[in-house]
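Engineer: coords please:
(2 chains)
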Amino acid sequence: DGGITQSPKYLFRKEGQNVTLSCEQNLNHDAMYWYRQDPGQGLRLIYYSQIVNDFQKGDIAEGYSVSREKKESFPLTVTSAQKNPTAFYLCATKYSGDAYEQYFGPGTRLTVT
Amino acid sequence: DQQVKQNSPSLSVQEGRISILNCDYTNSMFDYFLWYKKYPAEGPTFLISISSIKDKNEDGRFTVFLNKSAKHLSLHIVPSQPGDSAVYFCAASELGSARQLTFGSGTQLTVLP
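Structural biologist: Numbers count the residues shown, from 1 in each chain, chains lettered A, B, ... in the order given. Reported below is the predicted structural model:
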């Protein structure tokens, strides 16, 4: 069953705790992305990675960190420095840097109280 | 600075009629445009795209029109069906940016039976 897996679907954390969101893909895609979606807003890019062991900040990287140790995996850590962490987080992949279309995972809803 | 704008947060259409969703952009370097459809608590799915060298692309009930001089694109759905009810995101890509996508804020389409 090919695709993009994000787990868990819903995640609850207390303020001040770091939390890591999982994104795994078996599409053999080179590029991976993390977005957040807030109500009434579009998708905003947090981090992206075009190859293993390399990643770049997106538009709203503050308070987040990522790693890309394997082609299949691109975990996102939401740190306590992120001021408004409650959001819907989406992982996406793309075949290569020059490709157009991104494919999205099912998302993780993070609630921090 | 929003480079991709969807000025209508919502649209209601009767089943069987045409739905027209609009998108404006400001960056003249965008050369590829995509529409994504998103259901609540799910990841967006790719719907249709258009290159800047074309002014129309059609796929079944979905047609995207591009007016480069006006920096405007639109998605037409004919005939509209209740299952089309979702949030529609317009996205744009430019060469040289690792083909990152810049998303609009989305339009909630409701197709009334």
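Engineer: from here on, contacts and neighbour counts on C-alpha atoms
Structural biologist: OK.
Engineer: grab the nearest non-local neighbour of residue A:91.
Structural biologist: For residue A:91, ignoring the flanking residues on the chain, the nearest one in space by Cα to Cα, 6 or more residues apart in numbering or on different chains is residue A:34 at 4.6 Å.
Engineer: what of residue B:14?
Structural biologist: Distances taken as Cα to Cα, 6+ apart place residue B:112 nearest to residue B:14, at 4.8 Å, with adjacent residues excluded.
Engineer: circling back to that earlier point, next secondary structure after the host helix or strand of the residue nearest to residue A:91?
Structural biologist: Element membership for residue A:34, per DSSP states H and E: strand A:31-37. Per DSSP H and E, strand A:31-37 leads on to strand A:43-51 as the next helix or strand towards the C-terminus.
Engineer: where does whichever residue of chain B sits closest to chain A land in three-state SS?
Structural biologist: With Cα to the nearest Cα, the shortest gap between chain B and chain A falls at residue B:105, namely 3.7 Å. The three-state label given to residue B:105 by DSSP: H, G, I helix; E, B strand; the rest coil is coil.
Engineer: kindly report the same for residue B:83.
Structural biologist: Residue B:83 is classified as helix under three-state DSSP.
Engineer: ditto for the one 4 residues further on
Structural biologist: The three-state label given to residue B:87 by three-state DSSP is strand.
Engineer: about what we covered before: which residues does the residue of chain B closest to chain A contact?
Structural biologist: Contact analysis of residue B:105 by Cα atoms under 8 Å, 6 or more residues apart in numbering or on different chains lists A:40-43, B:5-6, B:9, B:89-90.
Engineer: can you count the residues close to residue A:111?
Structural biologist: For residue A:111, the neighbour count with other Cα atoms under 10 Å in any protein chain shown is 16.
Engineer: list the buried residues of the helix or strand harbouring it.
Structural biologist: Residue A:111 belongs to strand A:108-112 when assigned by DSSP H and E. Buried residues in strand A:108-112, counted by 16 or more other Cα atoms under 10 Å in any protein chain shown: A:108-111.
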